[in-house]
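*Asks:* Pasting a predicted model and its sequence here:
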There are 2 protein chains.
Amino acid sequence: MAKTKSPQLPKIGVVGSGSFATAIVKMLTENCKTVHWHVRNEFVKGAIQLRGHNPTYLPMVSFNMKQLKLTTDINELVEACDIVVLATPSIYLAGTLENLSCNYQDKLFCSAIKGIVPEYNDIVANYLRDKFQIGYKNQAVIAGPCHAEEVAMERLSYLTIAAAEQKDSEILSKIFSSFYIKVNESQDILGNEYSAILKNIYAIGAGIASGLGYGDNFIAVYVSNAIREMETFLEAVYPEPRDVNESAYLGDLLVTAYSLFSRNRNLGNLIGKGYTVKSAIQSMNMVAEGYYATNGIYSICKEKKLKLPIINTIFAILYEEKNAEKQFAKLTDKLN
Amino acid sequence: MAKTKSPQLPKIGVVGSGSFATAIVKMLTENCKTVHWHVRNEFVKGAIQLRGHNPTYLPMVSFNMKQLKLTTDINELVEACDIVVLATPSIYLAGTLENLSCNYQDKLFCSAIKGIVPEYNDIVANYLRDKFQIGYKNQAVIAGPCHAEEVAMERLSYLTIAAAEQKDSEILSKIFSSFYIKVNESQDILGNEYSAILKNIYAIGAGIASGLGYGDNFIAVYVSNAIREMETFLEAVYPEPRDVNESAYLGDLLVTAYSLFSRNRNLGNLIGKGYTVKSAIQSMNMVAEGYYATNGIYSICKEKKLKLPIINTIFAILYEEKNAEKQFAKLTDKLN
């Protein structure tokens, strides 16, 4: 890391200590002299300080500790930063931000969370807007196919950063780009956020299909239906000129539906193999965002009178205790 | 197989004795009382007759020999059939048809070949039209994500059958549908044929990337660029209203780019790992259609002045002895 870090970059911090948060901190240390990092508790903070890496997630990533400013105080982090990257699992977001009381109105909040905030059954962009009066123009979204494990290995990955203001996506692009990260800029904040959430649901379905014994031929048909369903959803909920075959939409769906790193796919796989939903969730030590997302997205579909066969099938299996094998048999007649 | 076979179906035959041809014969035996089958030589014919299966490809598929009429005489097969399914590797097609002299003008020729006829550097539909005066209206194309190995296992697969005349796609759909085969009908003959050819080239690229050490994050971006490139190609060469996210286009690309059954992907993988193109081809005992396809498709791109970064990269590696690692490094800057 002999490279000079740009001193004129905005001050940036990351909230979260899971694998994707850790990967983001690593990306930021490539360009930023200092990275602020909010972690869950003093134990995690002490462990990172002691060892120079996050012992629980991506332990192979060693940090230069002089670059990191660790804190467990959300107000301290937000006050110190111009840009706050939110990267907790969605189920921990509301709890993490509940004591936020400093002045944050001129900050840019950048969500790398790909899930529904369960307490509000809504996406992060709307939660920030409704609960904290942070308008979309002060928000950005980090999307794109990007397993944290591959960032740790410095394998080439492409992020898509969406912001309402082009100056914001430009600066974020500058901050994140490195020899292993390329950045696409976008203005489609909500489309990127919704697609990142939807793809987790579709990945659960790919896992269920695989667990039930469907093969590669079927999974390919399933994914080609999933991207069309995603397009229908985005058109209904947030119509914008967009090409769903760009990396942030299709690419992210592919990496999640096909990769064995995907916890959503793994959750589905257990269910397909016959585990109950409850026991499948309990057997995983990471949060499968798609579980909560299914409930939130299903509500939106109902409200908008959208009939999306895959979403309906996954909802019936996860929330109505319907038999996965029978539901998928019915679904196969609706795909093409 | 206690099911009654429909006696009123048209007489149908398959040309080819490789794995996909064998899979097609299996599909047809589900509905047709008799399936005519043209195989390469007397040795193959004798072996199938003796054993009740094709000993070289999909040997786990047992046939009821009373249903099969084997021949090595192309005229005998064509004369006996209303519909002729062509399913040889593309490099053997011209040789197989060279003695065709019977009256074939009222027959329907249905291509399941996903490649370029090397001697003519053209797709099968054009080769049949130009060499045999078989117009598009007497042709059909079988496409869709369908690895033969999974057909052998009776795993649910979706074919797309394209024909200019709806009556033809309807009857073919009836003939091919079974408890493990669902059929989509289409009128986009050339679009389906071109996309089936293109996807083999893109699969070689996915294999090269994988062999070079690129990870899942990159492959997802690569595939999302490939489908957009395919759309650009199809729009330029054969504009039609079509959704490239349907199974026959995107689905077939996915199964080929992601599946370990894919010989095109495997060819690329060897090249990515450092084999020369020649030695990689020699080490495989099956034909990787994408190799010949790259030459044919590249010619079309040149003629149409289409600049498609992935196709150009694969062509440079396969035909200009360019270094795969360097070519892919350059390509990464053109993807998004």
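*Replies:* Happy to help now that I have it.
*Asks:* So A:I227, which state does it fall into?
*Replies:* What DSSP: H, G, I helix; E, B strand; the rest coil gives for A:I227 is helix.
*Asks:* make that A:A316, sorry
*Replies:* Following three-state DSSP, A:A316 is assigned to helix.
*Asks:* these two touch, right, it and A:N323?
*Replies:* No. Checked against Cβ atoms under 8 Å, the pair A:A316 and A:N323 is beyond contact range at 9.1 Å. C-betas here are computed from N, CA, C, even on glycine.
*Asks:* Those two: which has the busier surroundings?
*Replies:* A:A316 (19 against 10; other Cβ atoms under 10 Å in any protein chain shown).
*Asks:* Could you find the closest non-adjacent residue to that one?
*Replies:* A:K322 (4.1 Å; Cβ to Cβ, 6 or more residues apart in numbering or on different chains).
*Asks:* Find me the pLDDT at the one you found, would you?
*Replies:* A:K322 is assigned 97 on the pLDDT scale.
*Asks:* Number of residues surrounding it?
*Replies:* 14.
*Asks:* Distance-wise, check it relative to A:F315.
*Replies:* Distance of A:K322 to A:F315, given as Cβ to Cβ, to the nearest Å: 9 Å.
*Asks:* Next one: A:Y238 from A:I123, what distance?
*Replies:* 10 Å.
*Asks:* any residues in contact with both of those two?
*Replies:* Counting by Cβ atoms under 8 Å, 6 or more residues apart in numbering or on different chains, the residues touching both A:Y238 and A:I123 are A:190, A:194.
*Asks:* who has more neighbours, these two?
*Replies:* Just comparing A:Y238 and A:I123: by other Cβ under 10 Å the higher neighbour count belongs to A:I123, 28 against 16.
*Asks:* Apart from its neighbours in sequence, what residue is nearest A:G211?
*Replies:* The shortest distance from A:G211 to any non-neighbouring residue, by Cβ to Cβ, 6+ apart, is to A:G272 (2.0 Å).
*Asks:* Please apply the same query to A:L159.
*Replies:* In this structure, A:L159 finds its nearest non-sequential neighbour in A:G144, 4.5 Å apart by Cβ to Cβ, 6+ apart.
*Asks:* Over to A:K131?
*Replies:* Leaving out its chain neighbours, the residue that sits closest to A:K131 by Cβ to Cβ, 6+ apart is A:Y120, at 7.2 Å.
*Asks:* Just give me the neighbour total for the one you found.
*Replies:* Around A:Y120 there are 15 other residues, counting by other Cβ under 10 Å.
*Asks:* was I right about it contacting A:A94?
*Replies:* Yes. A:Y120 lies in contact with A:A94 (Cβ under 8 Å); the separation is 7.2 Å.
*Asks:* Overlap in contacts, the two.
*Replies:* Residues touching both A:Y120 and A:A94 by Cβ under 8 Å, 6+ apart: A:127, A:131.
*Asks:* need the contact list for A:Y292.
*Replies:* Contacts for A:Y292 (Cβ under 8 Å, 6+ apart) come out as A:90-91, A:115-116, A:118.
*Asks:* got a list of what A:E150 touches?
*Replies:* Contacts of A:E150 by Cβ under 8 Å, 6+ apart are A:157, A:261, B:215-217.
*Asks:* do you know how far the most centrally placed residue in chain A is from A:V124?
*Replies:* What sits nearest the mean C-alpha location of chain A, by Cα atoms, centre = their mean, is A:K114, with 2.6 Å. In this view, A:K114 and A:V124 are 9 Å apart by Cβ to Cβ.
*Asks:* shared neighbours, the two?
*Replies:* In terms of Cβ under 8 Å, 6+ apart, A:K114 and A:V124 are both contacted by the residues A:90, A:193.
*Asks:* Quick one: name the residues of the stretch 101-250 of chain A near chain B.
*Replies:* Proximity of the stretch 101-250 of chain A to chain B (Cβ under 8 Å from any Cβ of the partner chain) is limited to residues A:144-147, A:150-151, A:153, A:155-158, A:182, A:184, A:213-221, A:223-225, A:227-228, A:231, A:243-247, A:249-250.
*Asks:* For the stretch 101-250 of chain A, which segments count as helices?
*Replies:* Listed from the start of the chain, the stretch 101-250 of chain A has helices (DSSP state H, counting those that start in this stretch) covering A:124-132, A:148-152, A:166-176, A:189-212, A:216-237.
*Asks:* Output the ones you listed in JSON lines; the columns should cover mean pLDDT.
*Replies:* Shown next, in JSON lines, are the helices of the stretch 101-250 of chain A (pLDDT from 0 to 100):
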{"stretch": "helix A:124-132", "mean pLDDT": "97"}
{"stretch": "helix A:148-152", "mean pLDDT": "95"}
{"stretch": "helix A:166-176", "mean pLDDT": "97"}
{"stretch": "helix A:189-212", "mean pLDDT": "97"}
{"stretch": "helix A:216-237", "mean pLDDT": "98"}
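*Asks:* Thanks a lot, see you next time.
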